[in-house]
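In: For reference, the sequence and a predicted model appear below.
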Amino acid sequence: MRHLLMKCLLASTVMMAPAATFADTADGDALNNMSWDEVVELARGGEVNWFLWGGSDNINQYVTEFIGGILSDEYDITLNRVGLSDTVEAVNIVLGEKESGVTDAGSVDMIWINGENFRTMKQGGLAYCGYTDILPNNALIDWDNPAIANDFGVPVDGCEVPWSKAQFAFAYDTNRTSEPPRSIAELLDWVRENPGKFTYPAPPDFNGSVFVRHVFYHAAGGVDGLLGDFDQAKYDEVAAKTWQILNDMEPYLWREGATYPASISAMEQLYANSEVDLTFNYEPSGVGLNIENGVFPPTTQGYGLTDGTIGNTNYTIIPFNSPNKAAALVLQNVLLSGEAQYQKALPTVWGAAPAIEVSRTSPEVQADFATIVSHPNVVPAEELSKAALPELQASWISAIEKGWLENVGQ
Amino acid sequence: MATQESLGMRSFRVLTGAVLITWLILPLIPLAIWSFAKGWFYPDLLPRNWSMRAWEYAMSDTAGVLDSLWLTIWISLVATFLSILVGVPAGRALGMYKFRGKEIVELMILAPTIVPGIAVVLGIHSVFISMGLNNTVHGVILVHLIPTLPYMVLVMAGIFSNYDPAFEAQARSLGASPLKTFWYVTLPAIRPGIIVGGLFAFLVSWSQYILTLLIGGGRVETLPLLLFNFATSGRNDITGAIGMIYILPGIIILLLTAKHLSGRSGAVGGFGQI
């Protein structure tokens, strides 16, 4: 009996040993000096491990089936999608590897990323940079657009490429609420008139944090004075007003503000179960998917604010120690292609707004984009973009998150 | 008087049994319903629309749930086997002998159950990287031994503290080889402990999240990792479907070993008497 088990154990050791190795493309500088065809040749037959948030079956299917299909059919590359519950988990893996001196055999080849996590990667020297020019589809990206060239105020500097654009939007249930508040000022009144029917996830939750920034912009009387580097005097002035507003609002929140939902999905559950009447998300297309997936009632309608909502871009990044950089570059190039961006924009697939300039794609792709009918319950990206607000620099954001915890969430 | 007392005991036992079963089964019912629901909103008692979509996704290649299920079973089985291999001699030493520094050894073995995993996992990660064990199934199995061993060793120590080595001496004096002595004398006596300790070890390994994620580098995708993706994103339908698959092995093993888990079993009786 023991003998048999030992044999099994031994057999497993052989079985689990890594398969035959292929071309190692850890040397990013060498790749940066190659032609695209050479990069593709190096990538052929390899694999790429892409770490991304795995909580949506639609996104998982798009990535594994559509993108993975293109990679295996056209480039003989195996795409391993690694699902995360939180992007910071992947950043921590790379960070741990760097601290342990793993410089060319990391386990992460690509991460879907933005904001704080990008700042950590860039400032910590964890990103592979300077490769964007060799990607043929780089031509489709408008790097002159500051909303693309800066990730939450941090210059991208060729250390990541954009994947999708998103803009914050609210949503309400037309069965429950006849007319939702359409600006932050209206919202503040609405909360008083409808006690217990609104809440927001506690920062530093991504979505809760951006909601607090909307109130911060409102308290500042506009975003103009807040752009640029962190300004302590300006911050102190606006923050005092913001905490005043949020603390005045607190007794009228869900459970009298004694507690806040810990995550956006917790708040979405509250909304779905009629405990609160409004919800919001940085990804407006989520309303459509949530209706199709039965998370939200079908009478949910997304909408923007008249005084504008904050927009951002999300990106894909290649860690400095990825051993499969060539395959990761091919993956990035596929993701940026007009065909892949079109597929991603279909409301039945995902509904995410493209990060490329559609006008620079082929006439066929442009014609395809023109046929997209967005989900009727999702507020169209064009409508949202009429009143778009920029993101602040990461230093502002972390100051606001910390201030909220000390002054409101204590 | 005596019969009355035993009647009271009996109804108490039935009651606790009923409460336990309700407590274990009741939370699973909404999970099962959710896995077939397309939307389930308050105040509806049951979902209005039913769908197989969550199950179709859970069974698809994209989700990778089935591959993950086999991998998780394999990791937990090997971790359990290794726990037994280490835990039996360690439990014997702790349960039967007094030696200098025994308290310290006990504390060291207990430490992983006291110190939260998240506090030490980054340090463990860098140790595993320097040994080249990160991102491998071996590494994950090895790191699972940290939380599983305390349970195994403690149960075995309890068993051995009630164990009389004179039986072994008798078998030896009657001419049995050490191996035969172990097989025919020691093993039957400690088997309930091995089963209970092994069950603990299996379930502890089965439910590891953060250790698997970091040491496996996300490349060793066990079921808890997949489950967490959906549980944290509010997809109750897919969480329900994967959750049903996730609890299956635990239930099967529990049923198979149930008779060893009753209060009359030596494994439970000796617990805590090191």
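Out: Okay, I see it. Only a predicted model underlies this, so the values are computations on that prediction, with no experimental measurement involved. Numbers count the residues shown, from 1 in each chain, chains lettered A, B, ... in the order given.
In: When you work out contacts or count neighbours from here on, use the C-alpha atoms and nothing else.
Out: OK.
In: Show me which residues of chain B sit near chain A.
Out: Within chain B, the positions near chain A by Cα under 8 Å from any Cα of the partner chain are B:37-43, B:57, B:62-63, B:78, B:122, B:125-126, B:129-130, B:135-138, B:214, B:217-219, B:221, B:225-226, B:228-235.
In: one more time with 6 Å
Out: By Cα under 6 Å from any Cα of the partner chain, the part of chain B that sits against chain A consists of B:K38, B:G39, B:F41, B:Y42, B:S126, B:N229, B:F230, B:S233, B:G234.
In: These in strands, which ones?
Out: Among the residues of chain B next to chain A, no member is found in strands (DSSP state E).
In: where do the helices sit along the stretch 1-150 of chain A?
Out: Listed in chain order, the helices of the stretch 1-150 of chain A (DSSP state H, counting those that start in this stretch) span residues A:2-16, A:28-32, A:36-43, A:57-61, A:68-75, A:88-99, A:116-123, A:146-149.
In: ok, and what's touching the fifth one?
Out: Read it as helix A:68-75. For helix A:68-75, contacts defined as Cα atoms under 6 Å, 6 or more residues apart in numbering or on different chains pick out A:R44, A:I77, A:T78, A:L79.
In: give me every residue that touches the residue in chain B that chain A sits nearest to.
Out: Closest residue of chain B to chain A, Cα to the nearest Cα: B:G39 (3.6 Å). Neighbouring residues of B:G39 by Cα under 6 Å, 6+ apart: A:G294, A:V295.
In: again, only this time at 7 Å
Out: By Cα atoms under 7 Å, 6 or more residues apart in numbering or on different chains, B:G39 lies in contact with A:G294, A:V295, B:P47, B:N49.
In: same check, this time on A:K197
Out: A:L253, A:W254, A:E275, A:V276, A:D277.
In: from memory the last one sits against A:F198, does it?
Out: Yes - under the criterion of Cα atoms under 7 Å, A:D277 makes contact with A:F198 at 6.3 Å.
In: Please tell me how far the spatially most central residue of chain A sits from A:A381.
Out: Closest residue to the average C-alpha location of chain A: A:N314 at 4.7 Å, with Cα atoms, centre = their mean. Per Cα to Cα, to the nearest Å, A:N314 is found 15 Å from A:A381.
In: In the stretch 151-300 of chain A, what residue comes closest to chain B?
Out: Closest point on the stretch 151-300 of chain A to chain B, by Cα to the nearest Cα, is A:G294, at 3.6 Å.
In: doesn't that residue fall inside a helix?
Out: No - A:G294 sits outside any helix when classified using DSSP: H, G, I helix; E, B strand; the rest coil, being coil.
In: Excluding chain neighbours, what is closest to it?
Out: B:G39 (3.6 Å; Cα to Cα, 6 or more residues apart in numbering or on different chains).
In: Now do the contacts for A:G115.
Out: A:D151, A:F152, A:A394.
In: Show the model's pLDDT score for the residue nearest to the centre of chain A.
Out: Looking at A:N314, its pLDDT reads 96.
In: What are the phi and psi values at it?
Out: phi -110, psi 160 (degrees, to the nearest 10).
In: Can you give me the end-to-end span of stretch A:384-394?
Out: OK, stretch A:384-394 end separation, Cα to Cα: 23 Å.
In: ok now it, how far from the chain's centre?
Out: In terms of Cα atoms, centre = their mean, to the nearest Å, the centre of stretch A:384-394 is set 15 Å apart from its chain centre.
In: Show the average pLDDT along that stretch.
Out: Regarding stretch A:384-394, the rounded mean pLDDT is 90.
In: List the buried residues for it?
Out: A:L384, A:S385, A:A387, A:A388, A:L389, A:P390, A:E391, A:L392, A:Q393, A:A394 (16 or more other Cα atoms under 10 Å in any protein chain shown).
In: Now do it: everything it contacts.
Out: A:115-116, A:152-154, A:227-229, A:304, A:306-312.
In: now do 8 Å
Out: Applying Cα atoms under 8 Å, 6 or more residues apart in numbering or on different chains, the contact partners of stretch A:384-394 are A:115-116, A:119, A:147, A:152-154, A:167, A:169, A:223, A:226-230, A:304-312.
In: and A:T300, what are its phi and psi?
Out: Dihedral angles (degrees, to the nearest 10) for A:T300: phi -80, psi 140.
In: Would you list the phi and psi of the nearest residue to it once chain neighbours are set aside?
Out: Using Cα to Cα, 6+ apart and skipping the chain neighbours, the partner closest in space to A:T300 is A:D173 (4.3 Å). The phi and psi values for A:D173, taken as degrees, to the nearest 10, are phi -100, psi 120.
In: now B:L28
Out: Dihedral angles (degrees, to the nearest 10) for B:L28: phi -80, psi -20.
In: Around it, how many other residues sit close by?
Out: As a burial measure, B:L28 scores 16 neighbours (other Cα atoms under 10 Å in any protein chain shown).
In: okay, now the nearest residue to A:N293 once chain neighbours are set aside: neighbour count?
Out: Spatial nearest neighbour of A:N293, chain neighbours left out: B:K38 (6.4 Å); criterion: Cα to Cα, 6+ apart. Residues lying near B:K38 (other Cα under 10 Å) number 23.
In: List the residues that contact B:K38.
Out: If you count contacts by Cα under 8 Å, 6+ apart, then B:K38 has A:N293, A:G294, A:V295, B:P47, B:R48, B:N49, B:W50, B:S51, B:D237 around it.
In: Separate out the buried members of those residues.
Out: Applying 16+ other Cα under 10 Å to these flags A:N293, A:G294, A:V295, B:P47, B:W50, B:S51, B:D237 as buried.
In: what would the residues you listed look like in TSV with pLDDT and distance to B:V185?
Out: Shown next, in TSV, are the buried ones among the contacts of B:K38 (pLDDT from 0 to 100; distance: Cα to Cα, whole Å):
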residue	pLDDT	distance to B:V185
A:N293	89	59
A:G294	89	59
A:V295	90	59
B:P47	92	57
B:W50	93	57
B:S51	93	56
B:D237	92	51
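In: Let me have the residues you listed in TSV, adding distance to B:L26 as columns.
Out: As requested, the buried ones among the contacts of B:K38 are exported to TSV (distance: Cα to Cα, whole Å):
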residue	distance to B:L26
A:N293	25
A:G294	23
A:V295	22
B:P47	17
B:W50	21
B:S51	22
B:D237	17
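In: any idea which of the residues you listed is closest to B:I195?
Out: Nearest to B:I195 among these: B:D237, at 34.5 Å, using Cα to Cα.
In: wait, that closest one sits on B:E56?
Out: No - because the distance of 11.1 Å does not satisfy Cα atoms under 8 Å, B:D237 is recorded as not touching B:E56.
In: Need the residues touching each of these two.
Out: Between them, B:D237 and B:E56 share no contacting residue, judged by Cα under 8 Å, 6+ apart.
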